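Enquirer: With the sequence up front, the predicted model follows.
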2 protein chains.
Amino acid sequence: MTVLVNGQKTTQTSALDRGLLYGQNLFETIAVVRGRACLLDAHLDRLVRGCGVLGIPLNVDLLTQEIVEFVKGQDKAVLRITVSMGRGGRGYLNPQTPEPSRILSLHNYPAHPVPYWEEGIEIGVVDIRLGHQPALAGIKHGNRLEQVIARSQWHSDWQEALVLDQLGNVVEGTQSNVFMVSGENLFTPSLTLAGVAGVVREYIISQAHKLGLTVKTMSLSIDDIAAADEVFLTNSVIGLWPVRKFNSRIYAEHDISHKLLKLMIKNEVISNYKT
Amino acid sequence: MTVLVNGQKTTQTSALDRGLLYGQNLFETIAVVRGRACLLDAHLDRLVRGCGVLGIPLNVDLLTQEIVEFVKGQDKAVLRITVSMGRGGRGYLNPQTPEPSRILSLHNYPAHPVPYWEEGIEIGVVDIRLGHQPALAGIKHGNRLEQVIARSQWHSDWQEALVLDQLGNVVEGTQSNVFMVSGENLFTPSLTLAGVAGVVREYIISQAHKLGLTVKTMSLSIDDIAAADEVFLTNSVIGLWPVRKFNSRIYAEHDISHKLLKLMIKNEVISNYKT
């Protein structure tokens, strides 16, 4: 695996980086297709928004240059970008003159079976419930223990799992966003109190009208999900997986899911799962 | 500053450590007095409890040896221990055979004015409110963005600040636990939904009966704090600071606070602020 830390080829970073000490960092996971980072502008937008919240003065131009250079010649891969606050004194107080770290790493594209896209996946609900934190909701920050615990709670026959908040509302998948289709409407949970606003989620929200769909962002319950015509999950690596089975509910329809998947592949905003 | 990573004198660690990627780590901040880490057993107990929650297989004996050796000859200092999950694959799934990292760093003992202990400090309340997460409450894990943001919200005339939860209950100080005295009773917020169960907090709860005090752990509001006879804050570095001023409320009494402070200094569970 290739790793670049602040422009240098190394796998090492400071043991006193506030990214490690307090999780004071942000990350982006991006599909790389034919030497290009997919939806890079949208990923950088979210990253910059997160840097604003965490007080990290990121040099975006420098980072962008590094990314473009780093993924050149990569046919199909996954890029992770981590931007952290860098070193400071002991304690929570932010350093007066922060020197943020930029970490880029390239990973193999995961080898998922083709039926996950074509026939759909099985999902469940994990036990852990997300806390409400409006100050951090939406951004992809480095405080991810809830997701690590959620991932450890998957059953072996699941390919993803929904995570609820403390009130029992559906927030997202463990590592994806969730949509449901009901008639001509697309519904997805609002993420103002918890969850990560995925870049593919944003793309779908902005493009759904092209398929004659109206998007509504609102509170969704498990019962809503079970009653939907279609359910699908999105992230930047898989793109979109329809849900085939959720608890005892079997979804027979994947029309809208497949139309959105095809649209994204055609527009090269995600990788083509067939190639 | 001296830093020890997995027994080696270095300031570098893996840029792909899950401690950095997801905040999957735990830490302890310990006062070192005359070559000894204060309340070390209690700190290690909490650390081990946290490792259980985060799935980190810590070798406690090895860590303990390293600590004892590391602080030898240090007259007055602050030790930070960080134990993290180490490297894994990309994604939230825990590694099958984790290789945790141990990071020890020694820091100067902070130079706080003596009146902070003797006359007390001024505090306020920060805007950010802690999310409820019973799965992580109590342990000192590495997901500390709420505290970093809280610290950035202090007014310049405060020496600490209370943090509330989403319901408006008092949870703790930004970097301390809070107690209030009312008659012969000591009250401190319960930490089952949010907050860090401090080692000095536990010590005071276990020793208060020696001063004829009853301890009650319960929900406390800002109004409760304002109406108390005495209020004080505790952590492993400062030990105990009485509160002199909270918003418009001035506390004239610090009797119990000073008795507890003296008891802890006498028993060498914290550093003596006078020396």
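Expert: Right, received. Where do you want to start?

Enquirer: I'd say residue A:187 and residue A:177 touch.
Expert: No. With contact defined as Cβ atoms under 8 Å, residue A:187 and residue A:177 do not form a contacting pair (11.7 Å). In this view, the C-beta of every residue, glycine as well, is placed from N, C-alpha and C.

Enquirer: More neighbours: these two, which one.
Expert: Between residue A:187 and residue A:177, counted using other Cβ atoms under 10 Å in any protein chain shown, residue A:177 has the larger neighbour count: 25 against 21.

Enquirer: Quick check: beta-bridge partners of that one?
Expert: Beta-bridge pairing for residue A:177 (DSSP bridges): residue A:234.

Enquirer: which residues does it contact?
Expert: Under the criterion of Cβ atoms under 8 Å, 6 or more residues apart in numbering or on different chains, the neighbours of residue A:177 are A:188, A:195, A:196, A:197, A:198, A:200, A:201, A:233, A:234, A:235.

Enquirer: If we use 10 Å, what do you get?
Expert: Applying Cβ atoms under 10 Å, 6 or more residues apart in numbering or on different chains to residue A:177 gives the contacts A:171, A:188-189, A:191, A:195-202, A:204-205, A:232-235, A:240.

Enquirer: for the stretch 151-275 of chain A, what spans make up the helices?
Expert: A:199-207, A:222-227, A:255-266 (DSSP state H, counting those that start in this stretch).

Enquirer: Can you say which of those is packed in most?
Expert: Greatest average neighbour count among these goes to helix A:199-207 (a mean of 20), per mean count of other Cβ atoms under 10 Å in any protein chain shown.

Enquirer: Quick check: the residue of the stretch 101-250 of chain A found nearest chain B vs residue B:153, distance?
Expert: Going by Cβ to the nearest Cβ, chain B is nearest to residue A:131 of the stretch 101-250 of chain A, at 3.0 Å. According to Cβ to Cβ, to the nearest Å, residue A:131 and residue B:153 sit 19 Å apart.

Enquirer: quick one: which of those two has more around it?
Expert: The neighbour comparison of residue A:131 against residue B:153 (other Cβ under 10 Å) goes to residue A:131, with 24 against 15.

Enquirer: what phi and what psi does the backbone show at the more buried one?
Expert: phi -70, psi 150 (degrees, to the nearest 10).

Enquirer: what's near enough to touch it?
Expert: A:146, A:165-166, A:193-194, B:130-137, B:146, B:165-166, B:193-194.

Enquirer: now the strands for the stretch 51-200 of chain A?
Expert: A:76-84, A:101-108, A:121-130, A:160-165, A:170-173, A:177-182, A:185-189 (DSSP state E, counting those that start in this stretch).

Enquirer: Between strand A:160-165 and the longest one, find me the angle.
Expert: When you say that, I think you mean strand A:121-130. Orientation check (axes from the mean of the first three to the mean of the last three Cα atoms, to 10 degrees): strand A:121-130 against strand A:160-165 gives 30 degrees.

Enquirer: who does strand A:121-130 pair up with?
Expert: Taking DSSP bridges as the criterion, strand A:121-130 pairs within the sheet with strand A:160-165 (parallel), strand A:239-246 (parallel).

Enquirer: same deal with the second one?
Expert: Within its sheet, strand A:101-108 is paired with strand A:3-5 (antiparallel), strand A:76-84 (antiparallel), according to DSSP bridges.

Enquirer: avg pLDDT for the first one?
Expert: Spelled out, it's strand A:3-5. For strand A:3-5, the mean pLDDT works out to 98.

Enquirer: what's the answer for stretch A:187-197, then?
Expert: Rounded mean pLDDT across stretch A:187-197 is 98.

Enquirer: for it, which positions count as buried?
Expert: A:187, A:188, A:189, A:190, A:191, A:193, A:194, A:195, A:196, A:197 (16 or more other Cβ atoms under 10 Å in any protein chain shown).
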